[in-house]
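Chemist: could you work out the structure for the sequence below:
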Amino acid sequence: MKIDHVRQRAFAMPLTSPAFPMGPYRFVNREYLIISYRTDPEKLREVVPEPLEFDDPIVHYEFIRMPDSTGFGDYTETGQVIATSFQGRKGGYTHAMYLDDHPPIAGGRELWGFPKKLATPKVAVHADTIVGTLDYGPVRVAIATMGYKHRALDIETERRRLAESPNYLLKIIPHVDGTPRICELVQYPLLDVTVHGAWSGPASLDLYSHALAPVAGLPVLEIVEARHIVADLTLGLGHVIHDYLA
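Modeler: Model prediction:
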């Protein structure tokens, strides 16, 4: 294979059979269960990287069911998004993610810098309750519950929250000697968002200690909001807003 051909084809690994296709990445009937809670601000200071900042110590614990995802297939994801701001613009910093499908793990880490690890999250409706769980190996790490569709939320408000709030990531790719080759703060958008429904209800969230899935490191002090959303959207590619190695 000629050098020019390598350059033309080299967007993902392996070179001759990439783990994921090039986007855009469209998600249809993406279902969110989001429990927002207040945590210990000192714990947040240990994990939120400058130049991101935060005021109110709010964490959004998200379960996301994705039955129809371009190039990625059918999978479920969960993790913590911290309410932060960059240069005064409020958004969400993705602190940790756990999912059950290899292509979005590889693509998410390599393209954007999503902090993804392999685990077993699930979200489903059981009678009158929507339930989210995260297992890391045989160990139950998180349980979220919310009353199913108790109160309808304003669809346009929820669409704007998804479409207009910036999303922040810390992308890290090491050099072959183990030193950082890429260390960047990345911002990415959600595009062409259509919300089919949005609801709230009474909610609970329990997080449990695990050495390699430390979601309980940001403890739940008070639940402030719960949302169940079904939407279509496109995951937009990102751009670098801060280079830690510059």
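Chemist: every contact and neighbour count from this point should use C-alpha atoms.
Modeler: OK.
Chemist: okay, the nearest residue to W112 once chain neighbours are set aside and H95: tell me how far apart.
Modeler: Once flanking residues are discounted, W112 sits nearest to G238: 6.2 Å by CA to CA, 6 or more residues apart in numbering. G238 sits 17 Å away from H95, going by CA to CA, to the nearest Å.
Chemist: who has more neighbours out of the two?
Modeler: H95 (20 against 17; other CA atoms under 10 Å).
Chemist: which helix or strand contains that one?
Modeler: For H95, the element it lies in under DSSP states H and E is strand 89-99.
Chemist: same for the helix or strand following that strand, what does it pack against?
Modeler: Per DSSP H and E, the first helix or strand lying C-terminal to strand 89-99 is helix 102-107. Here helix 102-107 touches strand 116-118, going by 3 or more CA pairs under 8 Å, 6 or more residues apart in numbering; DSSP states H and E.
Chemist: quick one on the thing from earlier: can you show me the CA trace of the strand holding H95 as PDB?
Modeler: The C-alpha trace of strand 89-99 is given here as PDB (Å, rounded to 0.1, in the frame of the first residue of the first chain):
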ATOM      1  CA  ARG A  89     -20.700  29.600  28.500                       C
ATOM      2  CA  LYS A  90     -22.500  26.900  30.400                       C
ATOM      3  CA  GLY A  91     -22.500  23.300  29.200                       C
ATOM      4  CA  GLY A  92     -21.700  19.800  30.400                       C
ATOM      5  CA  TYR A  93     -18.400  18.000  30.900                       C
ATOM      6  CA  THR A  94     -18.500  14.300  30.400                       C
ATOM      7  CA  HIS A  95     -16.600  12.800  33.300                       C
ATOM      8  CA  ALA A  96     -17.200   9.000  32.800                       C
ATOM      9  CA  MET A  97     -19.100   6.700  30.400                       C
ATOM     10  CA  TYR A  98     -19.800   3.000  30.500                       C
ATOM     11  CA  LEU A  99     -21.300   1.000  27.500                       C
END
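Chemist: contacts for that strand?
Modeler: 47-48, 75-85, 105, 114-121, 165-169, 215 (CA atoms under 8 Å, 6 or more residues apart in numbering).
Chemist: same thing but at 6 Å, please
Modeler: 76-85, 115-119, 165-169 (CA atoms under 6 Å, 6 or more residues apart in numbering).
Chemist: same deal with stretch 111-131?
Modeler: 77, 96-100, 105, 108, 132-136, 144-148, 171.
Chemist: now do it: distance from first to last residue.
Modeler: Stretch 111-131 end-to-end distance (CA to CA) = 30 Å.
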